[in-house]
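**Q** build me a model:
(2 chains)
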Amino acid sequence: MTVEMNASGRRFAAPLLPLVVAAVSILAMSEPALAGDGDAVSAQPAPNNVTNRELLKKLDAMEQRIKSLEARLKQKDAPSSEPKESAATGSDAKARSKPNKAVAQGAAVAKGATASIASSDQPANAEQTGKAAAPAGKPGDKAILGLVDSPVPGLAIGAYGEVHFGAMQNPAAGGQWQLGSDAARRFVLLPTYDITDNIIFNAEIEFEHAGSGFDNDDKLHGTAEIEQLWIDFKISDPFNWRAPGIDLVPIGYINQHHEPTEFYSVLRPDLYNGLIPSTWKVPATSVYGTIADGVRYQVMLSAAQEDFGDSFDCRTAANTVPPGSGTTPCTAGGAAYFPGIDGLNALTFSNPPLGDFRQLSNSLAVSGRLDFMEPAALPGLAWSMSAYYTPNTTPRGAHGDLGNLLGPSSLTMFDAEFRYRVPDTGWEFRGEGVYVTFGNPANLRANNDSDPTDNVGKAMYGAAAEVAYHFPLGTILHSEWEAVPFYRYTYEDLQTGGFAGTDLNTPTGAGQLQFHSVGVAVFPSPNLVLKATYQKVINRAPGGAQSDSALGGVGFFF
Amino acid sequence: MTEWIRWTAPAAVVISVAAPAYAVQYLTVEEAQKLAFPSAHFTEIEAGRVWKASTGGIFVFDHVIGKHLYIDYAVAIEGGHVRRVDILAYRESYGGEIRSPSWLAQFVGKTAASPLHVGGDIRNISGATLSSLHVTEGVKRVLAAYGQLR
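**A** Residues are numbered from 1 along each chain as shown, chains lettered A, B, ... in the order given. All right, here's what the predicted structure looks like:
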């Protein structure tokens, strides 16, 4: 750091005096250590007369005094010293005019440290720099978890996480209300490293349900997974390349922006719990950029969704589904396997595997989005349109329980959504529609799995509308709080009829869903949210959905 | 695997040709100065950070963290009021929407006494929440530190 600063001259000049004061402070703090030293003892005041605290008080008083003197000096000197400054530093201006990483890092140091680099020949600037450095020393600016400056230039580590708790109806227990919690629903570390200004590494490492351990005393049953991993090549504003890695499908808004501070309900918005299989992460590469002011695009090529929703172990070594026929589950050595696409869970179980070359087809998918924000006519509005297409979701060797082989079926999805924060008011409106259509539903496993209730028609769709209001709560515990009460209505139809395949067709109506979600999200700071949500779930099954919930949540993102 | 290569190889070629010509930097400090005070010449009063315009006014170059990486921005102040805010460099993949002229225009006229509160007098940008928040905080900081400078 010192070397870099010397090399960059007086770029981040700071007052000498505070540095001296800081040095004296450090000496004062080290008094106990010095006390045992024979030479130092003579320089120490009698230990029982002056304590560290008193010394620090005196130093504080000195610092205040120095500051006021500096201010007075500055008033006297300012008019005459500024031209002199320019002469001294003007030649450097050109060299600095192109900010580079070193400058950025230097600035960070200047921000983070209360005393930046001393420059004895800039007395007139001392106060200005001191002033700038002081307010800039905010902890939120630090690159490592918002706490400390990065030891490696360009490296930053962020994090987000969610905790859920409360009561839910359990449909498997006849709708009984059961208390529970997911004490670490997810905790995600977000390392970012700008290898150069144009080549940026990004990852999300996610721990779900408090981790993954299977010993009896662990009482864990979670996952640790790589949710995102890619390197961006920033080539030009309209064209950047994201190298093959693991990335989020650019559909809708919440899939790519799924941090808990981005939505107000405890659980993710319902459209993203199946119809859009969030967190929808896939092996992928993409290009993206800005086409015009406020218009961005992304186009992704990825591994296709798979109509296979059973245990990973049921994949054969040949990367096929378990061959054969019958209704014995593959986990019990049979040939029957759960579908990836079905009329009850939509696309929840259809995500392709991320590792080990274990995908079950050669199919690729293309997806893309167009983002629009801040149109001149309607400031505060952001909206997007996105689509996904794969020519085939049928895995190798796919078959029905009767042994009938299943041919290909395409999957097409369209999404349109908007978020509108009405300027100068607390109102916010969000809306979204998703439409999924299947090329040949007769080839979907759900329609050939001897289960007549999970059949899939030609299409699935859903729509949601949400209204929220932002109330400032004033300053509490040194931060500005905000409360956001909201209501969201969601309608989904995952079984639109016209079923094909070998199954009997007796869906129960569980695929026609309505969600009423009402609650409040309280933001003690924009990085932290406390949530409470009540959700009523209605479907057309004889017993009803039996899935209501009253949940609390804590979310953070920094 | 060959399918990946088939698709990505052309992109790689484009990159190797185009990369050296481009940085994520949209404006140099000099260009931003010219946009803020077109006819002025500048006197550096704090190395690499603060300049005084000959026509009156202060130009401050600063950085904030967006989500993870630095955003370089500049604030031009005249008579204690913001004259112009520009984003000089934006490095992250998401959140670049803060470069929107209509969003940046909201800062014009703000003073050290303005609330500068995202969701209040400054609109939040959905999808660029942290970037909009941190740039707003940055402008507030710059105004607090240099707003009184003449």
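**Q** wait, a helix at residue A:344?
**A** No: applying DSSP: H, G, I helix; E, B strand; the rest coil, one finds residue A:344 to be coil, outside a helix.
**Q** tell me who's in contact with it.
**A** Residues in contact with residue A:344 (Cβ atoms under 8 Å, 6 or more residues apart in numbering or on different chains) are A:453, A:454, A:494, A:510, A:511. To be clear about C-beta, it is placed using only N, CA and C from the backbone, and glycine gets the same treatment.
**Q** contact partners for residue A:506?
**A** A:452, A:453.
**Q** contact partners for residue A:555?
**A** When contacts are counted by Cβ under 8 Å, 6+ apart, residue A:555 is found next to A:160, A:161, A:162, A:163, A:259, A:260, A:261, A:528, A:529, A:531.
**Q** the third one: neighbouring residues, count only.
**A** So the one you mean is residue A:162. Residue A:162 has 25 neighbours, counted by other Cβ atoms under 10 Å in any protein chain shown.
**Q** any idea of the pLDDT on it?
**A** Predicted confidence (pLDDT) for residue A:162: 94.
**Q** check which residues of whichever strand or helix holds it are buried.
**A** Take DSSP states H and E as the rule and residue A:162 turns out to sit in strand A:155-170. If you call a residue buried by 16 or more other Cβ atoms under 10 Å in any protein chain shown, then strand A:155-170 has these buried ones: A:155-164, A:166, A:168-169.
**Q** and stretch A:450-461, by the same measure?
**A** Using 16+ other Cβ under 10 Å as the test for burial, stretch A:450-461 gives A:451, A:453, A:454, A:455, A:456, A:457, A:459, A:460, A:461.
**Q** pretty sure the last one contacts residue A:496?
**A** Yes: the pair formed by residue A:461 and residue A:496 meets the contact definition of Cβ atoms under 8 Å, at 7.4 Å.
**Q** quick one: the helices in chain B?
**A** With DSSP state H as the criterion, chain B has helices at B:2-18, B:29-36, B:101-104, B:129-146.
**Q** could you give the angle of the last one to strand A:155-170?
**A** Here helix B:129-146 runs at 130 degrees with respect to strand A:155-170, directions being taken by axes from the mean of the first three to the mean of the last three Cα atoms, to 10 degrees.
**Q** format the CA atom coordinates belonging to helix B:129-146 as CSV.
**A** C-alpha atoms of helix B:129-146 as CSV (Å, rounded to 0.1, in the frame of the first residue of the first chain):
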residue,chain,number,x,y,z
THR,B,129,-30.7,-1.0,-6.0
LEU,B,130,-27.3,-1.1,-4.4
SER,B,131,-25.6,1.0,-7.2
SER,B,132,-28.3,3.7,-7.0
LEU,B,133,-28.1,3.7,-3.2
HIS,B,134,-24.3,4.0,-3.1
VAL,B,135,-24.0,6.6,-5.8
THR,B,136,-26.7,8.7,-4.0
GLU,B,137,-24.7,8.3,-0.7
GLY,B,138,-21.6,9.3,-2.6
VAL,B,139,-23.1,12.5,-4.0
LYS,B,140,-24.4,13.3,-0.5
ARG,B,141,-20.9,12.8,0.9
VAL,B,142,-19.3,14.9,-1.8
LEU,B,143,-21.8,17.7,-1.1
ALA,B,144,-21.1,17.5,2.6
ALA,B,145,-17.4,17.7,2.1
TYR,B,146,-17.2,20.2,-0.8
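**Q** now that helix, how far from the centre of its chain.
**A** 10 Å (Cα atoms, centre = their mean, to the nearest Å).
**Q** quick one: mean pLDDT over that helix.
**A** For helix B:129-146, mean pLDDT is 93.
**Q** now for it, which elements pack on it?
**A** On a contact count with 3 or more Cβ pairs under 8 Å, 6 or more residues apart in numbering or on different chains; DSSP states H and E, helix B:129-146 meets helix A:126-136, strand B:58-65, strand B:70-78, strand B:81-90.
**Q** list the buried residues for the helix or strand containing residue A:537?
**A** Secondary structure from DSSP H and E places residue A:537 in strand A:528-539. Residues of strand A:528-539 classed as buried: A:528, A:529, A:531, A:532, A:533, A:534, A:535, A:537, A:539 (neighbour count, 16+ other Cβ under 10 Å).
**Q** need those in JSON lines with pLDDT, can you?
**A** Putting these into JSON lines (pLDDT from 0 to 100) gives the following:
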{"residue": "A:528", "pLDDT": "94"}
{"residue": "A:529", "pLDDT": "96"}
{"residue": "A:531", "pLDDT": "98"}
{"residue": "A:532", "pLDDT": "98"}
{"residue": "A:533", "pLDDT": "98"}
{"residue": "A:534", "pLDDT": "98"}
{"residue": "A:535", "pLDDT": "97"}
{"residue": "A:537", "pLDDT": "97"}
{"residue": "A:539", "pLDDT": "95"}
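**Q** nearest to chain B among those residues?
**A** residue A:529 (11.6 Å; Cβ to the nearest Cβ).
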